[in-house]
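Undergrad: Got a predicted structure plus its sequence, pasted below:
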Amino acid sequence: MAGQFNPDLHEDLRRFGARDLDMCMNCGTCTSICPMSEDAGGGFPRRVIRLVQTGRQKRLEASLDPWLCYYCGDCTLNCPRDANPAEVMMASRRYLTARYDFTGLASLFYRSVWAELAAIGLVGLLVTGLFVFLHGPVVLNHVALNTFAPVKWVERGDWIMAAILSFFLLAGAARMAWWTLGGPAMRRISPAIYLRQVPAFFVQLFSQNRWRRCGTHRSVVRWMKHLLLVSGYLSMLTLVLILLRWFQTDHVYPFYYPQRLWGYYATAALLYPTGDFIVSRFRRKEPIHMFSEASDWIFLIMLFLTALTGILVNVFRVNGFPLATYVVYIIHLSIAVPMLVVEVPFSKWSHIMYRPLSIYLAGVKQAAAEGKLLAVRDAEPVAG
Amino acid sequence: MQAQIMEKGYADALVIGGGIAGLQAALDIADQGYKVVIVEREASIGGRMISLSKVFPTMDCASCITTPKMSAAAHHENIEIMTFTEIDSIVAGADGHVVSVTRKPTYVNAEKCIGCRLCEYACDSELPDVFEQGLGATRAISVAFTNAIPQKAVLLADYCLSCGLCLRACPTDAIEFDQRPRQERITAGSVIVATGFQLNSLTVKPQYAAAQNANVISPLTLERLLAPHGPYGRVLRPSDGKIPDSVAFVLCAGSRDQTIGVPYCSRVCCMYSIKQAMLLAGSLPMADITIYYMDIRAFGKGYEQFYQMAKAMGIHFVRGKVARVDAAPHDDLLVHVEMTEEPVDCVRRQKHDLVVLSQGMIPQWNPAGVSPVHIGEDGFVATPDTADPCATNVPGIFVAGAAAGPKDIVDTIADAGAAAMLAGRYLADRAGKSRTPPSAAGRSIRLEMAV
């Protein structure tokens, strides 16, 4: 059937990091060693590799399998062909992120590190420029951050950014849902099924508790570190988006005051895991960190720098260095904003949406299939 | 065994290894009139093949093919056999390859020993029988196995209690406790490397848990279980002697696997597993027999028909590589496999009584430090010229059988014939070029060949 097969799919995936894909001979070692494969309904992750090898782009786009993999690396460690199935799953996630994004930016960023860096640089310069030209009065005898950068305006900027990012992310989520639930078939599923799965989305978003079932070893530790990172990230998001007026103050509260404690917790919860992941990616010992694409590095380093500059702003503010506070504040936002703008909808960070959504959609799909509302497309064997 | 064939330590050809490749090569060279010496590390010639039950695809009895060859070599007027002998070095000399060997002490005078086994019956020290893959027991002094050649007792010093029971039992006073390793030097016109293969360890993949489960066995163990003169005389599983109801063959358990450094195919596992499955179906008619495979490589003459026959007999063939074997209660085993030819939910934990791992074929002998023969990336003897598959990098040294890479018996025998042919031609060329070799027998044939 025309349009059903993409003979270049294999090549495409290679550009997203699946370099050893052609070594795979579909023996199924990965599937039978995978602790998640039974959950995922069999054939996981071999089926994904087979879809790519046979150019079944539409089927790959309709598959939730890549998002159900948490990269314990057991498949890669056991693969008799060094085909690196775990990295194929990772590359599929990158590919799907690019496909869900209708703008094509994600695809561009994943395939070209220079494009991603240029975009980050551009947004960073824009933010710097905004502050250089539009900042408030510079008070130098004491730290007056809210005079230099009025919280009201920063908050407004935050919300505008959040709205834009949410729009792109939700657009991607909509495409994901449309493809994976079989397009128009979505409408035949009763709203009750959609509603019943909503708690699963939030449970996954906050806990990622599926991850704990993954891997013969190490994954629980990895999950805990990731959970710490998520808690730090969500704390920061809350502080910056919702509680900014309470968080960004010129008055220095005592150390034990919740505003400071929570901020310190969030910073530590960002710095430690990101630092740990960076070191681990350098060492290349753990399966999950053996292979790093540019997008992985950029994501981690930006996150680490954001947290680092954030805590520096606080250090200068608390110790009364006005100019340093203002300068580092600009740097902080010139890193944080592009990181969010580029990473959240168009790159690695989008998994904050797609991971829990995949669990949600898998639940919907299963419930619908049980009620015979949906043909389970993945049920067909992918042979020869 | 016949008397000394060599004159002044010269042989036209020296064959390293007395397995089926070495025996065939030696016979083919000796039949041309050349003097041949076979150097065998073990106490008996016969190699791997003598321990097999039957051979595919003809289902001939393996002993019935090997024993006549062993016997023919042992009684050949141009062949001398040195068992229990190791190769120390092979260097080029003026008259050919100078091969230094160590004759390991057997503590039994081979001239006097008549193979009556009274020493073996008298001996009090028991040890696992290597020939029976450790399933049976043997004694510290024994003849290697029933149809061993030579039928001479060998005493294993490591297990000997020095009690003297054998000494008193021996009717010919053949026991000599004072034997020492003896170095000898042989000059050989040409050398045939027929050192064969070994299987990589059963525990090379910890995923298959062979170290923890006695019922995860080697295919060579199953050969012994299936052999009419095997350790139990019937098929019983090792852990508890239960008659297995369900037997799994895990193919590619030690080859085609980058993680253990054996990326190549061992070539014989598909076929011997099918053969063993068919034999099992004969001896255990009620048992379920499953072969887990990635692809069945039935490449030889009559092999495909053999495979189809096994399917028709009701052997289950399941496409999917086994990733892990776990222990289950009652010494049973769970085989983790994705049934890749079946629809959804196809990862299975299949229970079996007995699991046979197709271990990979790896080289038996590494010539490094012993001879200038090169080995390839896979460790097998390198054969640089594809058009000359038995020639090594050293002129006059040829390779036969599985020493050059995994081969089945049919190919090994053909290969041995080819190596023998090359050796004969090499010797004839040499005789034409330089001087007449000390052994004059068969000269007329050689001259004809040289012409």
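TA: Thanks, I have it. This is a predicted model, so every value here is computed, not measured. Numbers count the residues shown, from 1 in each chain, chains lettered A, B, ... in the order given.
Undergrad: Pull the contacting residues for the residue in the stretch 1-150 of chain B that chain A sits nearest to.
TA: Closest approach between the stretch 1-150 of chain B and chain A, counting by C-beta to the nearest C-beta: B:F56, at 23.6 Å. Backbone N, C-alpha and C define where each C-beta goes, glycine included. If you count contacts by C-beta atoms under 8 Å, 6 or more residues apart in numbering or on different chains, B:F56 has them with B:M271, B:Y272, B:I274, B:K275, B:Y303, B:F306, B:D408.
Undergrad: For the helix or strand where A:F277 lies, give the mean pLDDT please.
TA: Assigned by DSSP states H and E, A:F277 belongs to helix A:258-283. Across helix A:258-283, pLDDT averages out at 91.
Undergrad: Next, the buried residues of it.
TA: Across helix A:258-283, burial judged by 16 or more other C-beta atoms under 10 Å in any protein chain shown covers A:259-260, A:262-263, A:265-267, A:269-271, A:273-274, A:276-278, A:280-281.
Undergrad: Tell me how far the residue lying farthest from the centre of chain A lies from A:V151.
TA: In chain A, A:N141 marks the outermost C-alpha relative to the chain mean, sitting 41.9 Å out by C-alpha atoms, centre = their mean. Separation of A:N141 from A:V151 (C-beta to C-beta, to the nearest Å) stands at 20 Å.
Undergrad: How about the secondary structure of B:I243?
TA: coil (DSSP: H, G, I helix; E, B strand; the rest coil).
Undergrad: contacting residues for it?
TA: B:R234, B:V235, B:L236, B:R237, B:L284.
Undergrad: between these, which is closest to chain A?
TA: For those, the nearest to chain A is B:R237 (23.5 Å; C-beta to the nearest C-beta).
Undergrad: Now do that closest one, the pLDDT please.
TA: In this model, B:R237 carries a pLDDT of 94.
Undergrad: Then A:L374?
TA: The model reports A:L374 with a pLDDT of 63.
Undergrad: Who wins on neighbours among the contacts of B:F56?
TA: Highest neighbour count within the contacts of B:F56, by other C-beta atoms under 10 Å in any protein chain shown: B:I274, with 28 neighbours.
Undergrad: Just to check, that one is in contact with B:A310?
TA: Yes - the criterion here is C-beta atoms under 8 Å, and B:I274 meets it with B:A310 at 4.7 Å.
Undergrad: So A:E286 is in contact with A:C72, correct?
TA: No - the pair A:E286 and A:C72 fails to qualify as a contact (C-beta under 8 Å) at a distance of 9.5 Å.
Undergrad: Okay, now the unreliable bits of chain A?
TA: Residue ranges of chain A with pLDDT under 70: A:1-3, A:39-42, A:216-218, A:372-384.
Undergrad: elements contacting the helix ranked longest in it?
TA: When chain A is scanned for its longest helix (criterion: DSSP state H), the result is helix A:151-180. Applying 3 or more C-beta pairs under 8 Å, 6 or more residues apart in numbering or on different chains; DSSP states H and E, one finds that helix A:151-180 makes contact with helix A:85-100, helix A:244-247, helix A:344-346, helix A:351-370.
Undergrad: need the contact list for residue 20.
TA: Looking at chain A here, since you left the chain open. Residues near A:D20 by C-beta under 8 Å, 6+ apart: A:R81, A:D82, A:A83, A:N84, A:E87.
Undergrad: Please refer instead to chain B.
TA: B:I20 makes contact with B:G47, B:R48, B:M49, B:T66, B:K69, B:G401, B:I409, B:T412, B:I413, B:A416 under the criterion C-beta under 8 Å, 6+ apart.
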